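Student: My questions concern the predicted model and sequence given below.
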Amino acid sequence: MSVKVNISVKNKQIKLPTGARLLIRKACNATVMFEGIEGACEVDVSIVDDDIIKEMNANFRNIDKATDVLSFPLGINGEYDINPETNAKMLGDIVISYDHALAQADLYGHGLDREIAFFNCSFYASSFRI
């Protein structure tokens, strides 16, 4: 199994803590293994602010407010599009609100890294289930 995780930060003011990118990659790998997805695959993770996720939530879900995470799965019933350049299954996109992650980490009394990994794993597993 090989999971390529493309991580992008969409706002220059957002500074991910040291190790957050590695944690996101580990969370994606663990979830793919847990879900039993075999072969090469890839997922895109975007870290955005509340303004961007609010706009996306309004555009894609007709809900005009910020949310913690959005996911956009590309597979249906275990069938995925294949990236012609890499021959990897394209699992989809995860968009995480950095602002919500900070607030929820504070609310629940744990670190930002844990919150981002939790968002990533829980929505990844529920959205990209085979």
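Tutor: Noted; the coordinates are in hand.
Student: so which helix or strand takes in the spatially most central residue of the chain?
Tutor: Nearest to the mean C-alpha position of the chain, by CA atoms, centre = their mean, lies residue 94 at 3.0 Å. Secondary structure assigned from DSSP states H and E places residue 94 in strand 89-97.
Student: I'd like to know how far the residue nearest to the centre of the chain sits from residue 118.
Tutor: Going from residue 94 to residue 118 by CB to CB, to the nearest Å gives 12 Å. Every C-beta, even on glycine, is put in place using the N, C-alpha and C of the backbone.
Student: swap in residue 26?
Tutor: As for residue 26, its distance to residue 118 is 13 Å (criterion: CB to CB).
Student: buried set for stretch 89-105?
Tutor: Across stretch 89-105, burial judged by 16 or more other CB atoms under 10 Å covers 89-101, 104-105.
Student: Tell me the one of those nearest residue 39?
Tutor: residue 89 (6.4 Å; CB to CB).
Student: Alright, that wraps it up for me.
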